[in-house]
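K.L.:
predicted coordinates and the sequence they were generated for:
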Amino acid sequence: AIHFAGVQSGYSVRKIQAAGDSSAGQTFIAEADDFRLFLKVGSGQDAGRLAAESGGLRMLRSAKHSLVVPNIVYFGPASADEGETLTVLATEFLERVAPESNHEERLACGLAELHRSVPAVEMYGAADSGFIGLGLQPGGWSSSWSSFFLSARLDPMVAVARKKERWHSGWDGAYGRLRDQIAEILPDDPGISLVHGDLWSGNVIPLADAAAIIDPAAYHGDREVDIAMTELFGGFGPRFYHAYNDAFPLVNGYEERRSIYNLYHLINHLNIFGSAYAGRVAATLKQFS
């Protein structure tokens with residue numbers, strides 16, 4: 001059994017059932033009072049990932065948009081019967097339903113609203129480091145978007161790949177040319193948007209009357225990073241892209257920038273899952289050889 005400070009959050013948990021594993025520990029569905037909670041429970045390094053997720057959810061909830069972002073009921077320490085110290089992130093449980101006919105339009109319009117929302121900062125980045133899945137995502141600020149994406153996204157991810165011996169030396173030339181060209185390809189100041197940061201289809205939940213987003217790796221950056229990632233693994237249809245472009249048209253040259261933005265995620269997957277992603281990393285880098 002897991003015990004957390006339910007008194008502090010004002011809820012009494014009566015029943016908990018396991019819901020599987022995540023990148024930040026185990027997940028559970030808990031019955032509390034007259035509704036359900038979704039719990040993520042971790043120990044050790046999981047605590048940092050849960051803290052980052054908690055911060056990202058709060059960032060998304062603070063912006064003005066029509067997307068549903070789960071409310072945080074409790075974040076803090078917990079303990080198991082065995083005496084192990086744990087960290088718990090408890091959010092409202094969102095009931096996934098079969099997508100309605102206008103789900104993709106709802107999602108696209110809500111995402112455009114998020115990206116258009118007035119940012120609380122005047123620089124690119126985030127106050128604190130976070131995580132993108134199991135990968136570390138550095139924080140920090142920069143007035144230059146292209147400089148930030150190189151120094152705080154691509155270069156650190158490549159460094160991890162080298163350390164894990166998953167980076168191929170044959171990629172060095174193409175990556176060096178990408179580094180030389182990046183200031184010409186990525187705009188210096190595309191406009192600051194609050195981005196979800198990890199927007200694949202598994203982090204979208206269709207609800208009865210809305211679209212929800214979960215598990216953010218949020219920071220302030222170019223909105224195109226979110227659109228690019230929706231194309232990386234699929235799961236988003238033409239109606240989503242048409243609706244987003246109607247609400248907030250993409251700028252010319254997006255296709256080339258998309259390759260750079262998704263290279264970040266591909267190298268992260270290479271670092272986490274191994275050589276299965278080497279081919280896609282190599283194919284992307286070949287564009288700059």
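P.N.:
Yep, it's here.

K.L.:
return the distance of K64 relative to A161.
P.N.:
Going from K64 to A161 by C-beta to C-beta, to the nearest Å gives 38 Å. To be clear about C-beta, it is placed using only N, CA and C from the backbone, and glycine gets the same treatment.

K.L.:
same question, I267
P.N.:
In terms of C-beta to C-beta, I267 sits 6 Å off from A161.

K.L.:
compare these two (neighbour count), which wins?
P.N.:
Looking at I267 and A161 with other C-beta atoms under 10 Å, you find the greater number of neighbours at I267, namely 29 against 19.

K.L.:
strands of the stretch 1-150 of the chain, start to end?
P.N.:
Under the criterion DSSP state E, counting those that start in this stretch, the stretch 1-150 of the chain carries strands at the ranges 2-4, 13-22, 25-32, 35-42, 72-80, 85-92, 124-126, 130-132, 135-137, 140-142.

K.L.:
show me what the helix or strand containing H269 packs onto, helices and strands only.
P.N.:
Using DSSP states H and E, H269 sits within helix 254-273. For helix 254-273, the helices and strands in contact under the criterion 3 or more C-beta pairs under 8 Å, 6 or more residues apart in numbering; DSSP states H and E are strand 135-137, helix 145-149, helix 155-163, helix 172-185, helix 224-232, helix 278-286.

K.L.:
6 Å - rerun?
P.N.:
Of the remaining helices and strands, those touching helix 254-273 by 3 or more C-beta pairs under 6 Å, 6 or more residues apart in numbering; DSSP states H and E are helix 155-163, helix 224-232, helix 278-286.

K.L.:
quick one: distance of the next helix or strand after the second one to the chain centre.
P.N.:
From helix 224-232 onward toward the C-terminus, using DSSP H and E, the following helix or strand is helix 238-247. If you compare the mean C-alpha spot of helix 238-247 with that of the full chain, they lie 21 Å apart, counting by C-alpha atoms, centre = their mean, to the nearest Å.

K.L.:
low pLDDT regions in the stretch 1-150 of the chain?
P.N.:
Applying pLDDT under 70 to the stretch 1-150 of the chain picks out residues 1-14, 23-24, 33, 80-83.
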